[in-house]
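Student: fold the stuff below for me.
(one chain, ligands or ions: 1)
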Amino acid sequence: MKSRASAPAKAILFGEHAVVYGKPAIAAAVDRRVTVTLGDSSENRVTIPSLGVDFRSESSPRGGILDYVGKTLKLYHDGSPLSIQIEMEIPVGSGLGSSAALTVALIGALDEYHGRESEPEDTAARAHRVELEVQGAASPLDTTVSTYGGLVYLDSQRNVEKVNARLHDLVIAHLDHSGDTAEMVAGVAELRSRFPDVMDGIMDAVEMITMRAYRALMSNSPEPIGDLMNINQGLLDAMGVSTGELSMMVYEARSAGAAGSKITGAGGGGSIIAYCPGCAEDVAEALNRNWNAMKARFSEEGLIR
Ligand code: MEV
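Tutor: All right, here's what the predicted structure looks like:
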């Protein structure tokens, strides 16, 4: 018996961190995928060629992305031996949701393997449970986008709306080191526990930015998107999740002509995203001098099984 499923990376356009406090967010699926292939086996074996991982699960070292594999198997598999092959096109820890994409793809492959039907809502909820248990705190945003694909607006009631809008000319650049999402989320929580009034004001401002951006996208008038990204970046900096190097990338993108640029994801390392109407090539080239940059292509496809 064999099964296979894949799920896309994501880039958050607006609202990371604030989304953990119930605020809305906008994110898009990016056409870099994690593919999981499951097969019968006489032993539990996990192979991730791109990360040089090949081990029998019983003797597995744990940590990082492997914790998501372990937790997903524990919750949604019956314990029978499996060979698990994972192909990753997403740099791990890049802020592009590699753990969410892996979790969603693994759940999809397990459902296929066990002959289970599952609605996207249920898949996303189960993947969110894995992220919560591994990370301690997580919003449903990453797992929702990896499951549904497309451009997703998550409102403050946690309703998922696939936004039928296009946003071209986006560039993503990533560092080769990541921030730890759980640590970054905990850092913001710590700041909020010391300055609740200040931090709540910042989260409210991010909410207004996200809603302005949502309205701009819905009316197909993306002019304010760049400025809104820049304001959102200032507030992410205030939350303590930017770093000197991320700020350099953000400003490099703006110097090369980007209308707006900001961290995407948890920060502390990982990636930035820049909105570059008419100048995506120039911005990607400028960022590529010191970092890894690519023009972002969105994926309409979420989980494929
Ligand atoms: C991480 O990709 C996004 C955060 O908002 C955390 C979360 O939503 O769980 C930082």
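
Student: drop to CA atoms for contacts and neighbour counts, all remaining ones
Tutor: Noted.

Student: and the lowest-mean-pLDDT helix or strand in the chain, what does it pack onto?
Tutor: In the chain, the helix or strand scored least confidently by mean pLDDT, DSSP states H and E is strand 53-56, which has a mean of 73. Judged by 3 or more C-alpha pairs under 8 Å, 6 or more residues apart in numbering; DSSP states H and E, the packing partners of strand 53-56 are strand 45-48.

Student: the strand it packs on pairs with which strands?
Tutor: Next to strand 45-48 in the sheet, as set by DSSP bridges, lie strand 53-56 (antiparallel), strand 82-88 (parallel).

Student: stretch 237-254 near the ligand at all?
Tutor: No - counting by C-alpha under 6 Å from any ligand atom, the ligand is not contacted by stretch 237-254; separation bottoms out at 9.0 Å.

Student: chain center to that stretch, what's the gap?
Tutor: 18 Å (C-alpha atoms, centre = their mean, to the nearest Å).

Student: who's in contact with that stretch?
Tutor: 173, 184, 187-188, 191, 199, 236, 260-263, 266-269, 271-272, 274, 283, 286-287 (C-alpha atoms under 8 Å, 6 or more residues apart in numbering).

Student: return that stretch as PDB; C-alpha atoms alone will do.
Tutor: Listed next in PDB are the C-alpha coordinates belonging to stretch 237-254 (Å, rounded to 0.1, in the frame of the first residue of the first chain):
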ATOM      1  CA  ASP A 237       9.700  45.800  14.900                       C
ATOM      2  CA  ALA A 238       8.000  47.200  18.000                       C
ATOM      3  CA  MET A 239       6.900  43.700  18.900                       C
ATOM      4  CA  GLY A 240      10.600  42.700  19.000                       C
ATOM      5  CA  VAL A 241      10.500  40.200  16.200                       C
ATOM      6  CA  SER A 242      12.700  42.000  13.600                       C
ATOM      7  CA  THR A 243      16.500  41.700  13.600                       C
ATOM      8  CA  GLY A 244      19.300  43.900  12.300                       C
ATOM      9  CA  GLU A 245      19.700  41.700   9.200                       C
ATOM     10  CA  LEU A 246      15.900  41.500   8.500                       C
ATOM     11  CA  SER A 247      15.800  45.300   8.700                       C
ATOM     12  CA  MET A 248      18.700  45.500   6.200                       C
ATOM     13  CA  MET A 249      16.800  43.200   3.800                       C
ATOM     14  CA  VAL A 250      13.600  45.300   4.300                       C
ATOM     15  CA  TYR A 251      15.400  48.500   3.500                       C
ATOM     16  CA  GLU A 252      17.400  47.000   0.700                       C
ATOM     17  CA  ALA A 253      14.100  46.000  -1.000                       C
ATOM     18  CA  ARG A 254      12.700  49.600  -0.600                       C
END
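
Student: now it: mean pLDDT?
Tutor: Here stretch 237-254 scores 98 as its mean pLDDT.

Student: list the buried residues of it.
Tutor: Counting neighbours by 16 or more other C-alpha atoms under 10 Å, one finds that the buried residues in stretch 237-254 are 237, 239, 241, 242, 246, 247, 249, 250, 251, 252, 253, 254.

Student: and the fifth one, how far from residue 291?
Tutor: It stands for residue 246. 10 Å (C-alpha to C-alpha, to the nearest Å).

Student: same check, this time on the last one
Tutor: Computed as C-alpha to C-alpha, the residue 254 to residue 291 distance reads 15 Å.

Student: quick one: list the elements packing against the biggest strand by length in the chain.
Tutor: Selection of the longest strand in the chain by residue count, based on DSSP state E, yields strand 25-40. If you count contacts as 3+ C-alpha pairs under 8 Å, 6+ apart, strand 25-40 packs onto strand 2-14, strand 82-88, helix 98-113, helix 141-148, strand 151-154, helix 196-218.

Student: just the element for the residue in the chain that the ligand sits nearest to, please.
Tutor: For the chain and the ligand, the shortest gap (C-alpha to the nearest ligand atom) falls at residue 138, measuring 3.2 Å. For residue 138, there is no helix or strand it lies in under DSSP states H and E.

Student: so what's it up against?
Tutor: Counted by C-alpha under 8 Å, 6+ apart, residue 138 has contacts 20, 128, 131, 132, 182.

Student: now do residue 90
Tutor: Here residue 90 is in contact with 9, 32, 33, 34, 96, 98 (criterion: C-alpha under 8 Å, 6+ apart).

Student: domains of the protein?
Tutor: 2-163, 170-295 (automatic domain parsing).

Student: for the shortest one, measure first residue to last.
Tutor: Between the opening and closing residues of domain 170-295 lies a distance of 6 Å (C-alpha to C-alpha).
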